[in-house]
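Asker: Below is the sequence, then the predicted model.
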Amino acid sequence: DAGITQSPRHKVTETGTPVTLRCHQTENHRYMYWYRQDPGHGLRLIHYSYGVKDTDKGEVSDGYSVSRSKTEDFLLTLESATSSQTSVYFCAISEQGGASYEQYFGPGTRLTVT
Amino acid sequence: DQQVKQNSPSLSVQEGRISILNCDYTNSMFDYFLWYKKYPAEGPTFLISISSIKDKNEDGRFTVFLNKSAKHLSLHIVPSQPGDSAVYFCAAAGGTSYGKLTFGQGTILTVHP
């Protein structure tokens, strides 16, 4: 299994508070991704990174920001959490991001915004 | 605009029989397709993939078929086992950089003993 951890695994927070989720990898893969999973929507890309300090938006990026200061860590921040951001968040990594499209996923973080 | 669609939210199959999961796509730039399997409280795990230069790829009990003209792919599981019960996502890639995947909504497969 790819070495990917996510923290925290579960979090309950209040509307309006900032929240940061962490993804840590030990595989030295260049590409990292944040997804959210919601019923009826599958997995939707929030943000991704193609190198240290190189990030870009996915299809559902509003209300989220990311940072990647080291190869192994990719942080997802909800600047002011809303109930619509209650979801399960998955981090994924990829070795090449081009010729090989396989992504390896972390165990997920279940976030509840009350 | 859902570019990858799995129109069956759920599928129920008897153990030993064939499971067929379907996926349709609209973006003609997609040239690589993957299937992921997800158990509750775990992350998705890669199952099998196919490039658009092929129309079939096999790996043990799992076979993926690609019909480019119909923009349709399917995953066949033969024989189905109770441990195959999970959510299956199809994903597509191509036409963009950085290996981004577009996922379908998922199909819940239940295999009954």
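Answerer: Nice, I can see it.

Asker: What residues does the spatially most central residue of chain A make contact with?
Answerer: In chain A, the residue lying closest to the centroid (CA atoms, centre = their mean) is residue A:34, at 2.7 Å. Residues in contact with residue A:34 (CB atoms under 8 Å, 6 or more residues apart in numbering or on different chains) are A:21, A:23, A:45-48, A:58, A:64, A:66, A:74, A:76, A:89-92. C-betas here are computed from N, CA, C, even on glycine.

Asker: what residues does chain B put near chain A?
Answerer: Taking CB under 8 Å from any CB of the partner chain, the part of chain B that reaches chain A is made up of B:4, B:6, B:32, B:34, B:36, B:41-46, B:49, B:89, B:91, B:93, B:97-106.

Asker: Report the buried members of these.
Answerer: The neighbour count (16 or more other CB atoms under 10 Å in any protein chain shown) marks B:4, B:6, B:32, B:34, B:36, B:43-44, B:46, B:49, B:89, B:91, B:93, B:98-106 as buried among the residues of chain B next to chain A.

Asker: quick one: which of those sit in strands?
Answerer: Mapping these onto strands (DSSP state E) picks out B:4, B:32, B:34, B:36, B:46, B:49, B:89, B:91, B:93, B:102, B:103.

Asker: show me the contacts for the third one.
Answerer: By CB under 8 Å, 6+ apart, the contact set of residue B:34 is A:101, A:102, B:46, B:47, B:48, B:49, B:90, B:91, B:92, B:93, B:101.

Asker: Now tabulate those residues in a markdown table and tack on distance to residue B:79 and pLDDT.
Answerer: Converted to a markdown table, the contacts of residue B:34 look like this (distance: CB to CB, whole Å; pLDDT from 0 to 100):
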| residue | distance to residue B:79 | pLDDT |
| --- | --- | --- |
| A:101 | 29 | 85 |
| A:102 | 26 | 90 |
| B:46 | 22 | 95 |
| B:47 | 16 | 97 |
| B:48 | 16 | 96 |
| B:49 | 22 | 95 |
| B:90 | 21 | 97 |
| B:91 | 25 | 96 |
| B:92 | 27 | 95 |
| B:93 | 30 | 91 |
| B:101 | 29 | 92 |
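
Asker: Residue B:21: which of those is nearest?
Answerer: Nearest to residue B:21 among those, counting by CB to CB, is residue B:90 at 7.6 Å.

Asker: hang on, isn't the closest one packed against residue B:4?
Answerer: Yes - at 6.2 Å, residue B:90 and residue B:4 qualify as touching, with contact defined as CB atoms under 8 Å.

Asker: between the two, what contacts are shared?
Answerer: Common neighbours of residue B:90 and residue B:4 (CB under 8 Å, 6+ apart) are B:23, B:103, B:104.

Asker: Closest one of those residues to residue B:66?
Answerer: residue B:23 (9.7 Å).

Asker: how about the residues of chain A near chain B?
Answerer: Residues of chain A lying near chain B by CB under 8 Å from any CB: A:4, A:31, A:33, A:35, A:40-45, A:48, A:50, A:56, A:58, A:90, A:92, A:94, A:96-98, A:100-108.

Asker: Quick check: strands, which of these are part of them?
Answerer: Cross-referencing the residues of chain A next to chain B against strands under DSSP E gives A:4, A:31, A:33, A:35, A:42-45, A:48, A:50, A:56, A:90, A:92, A:94, A:104-105.
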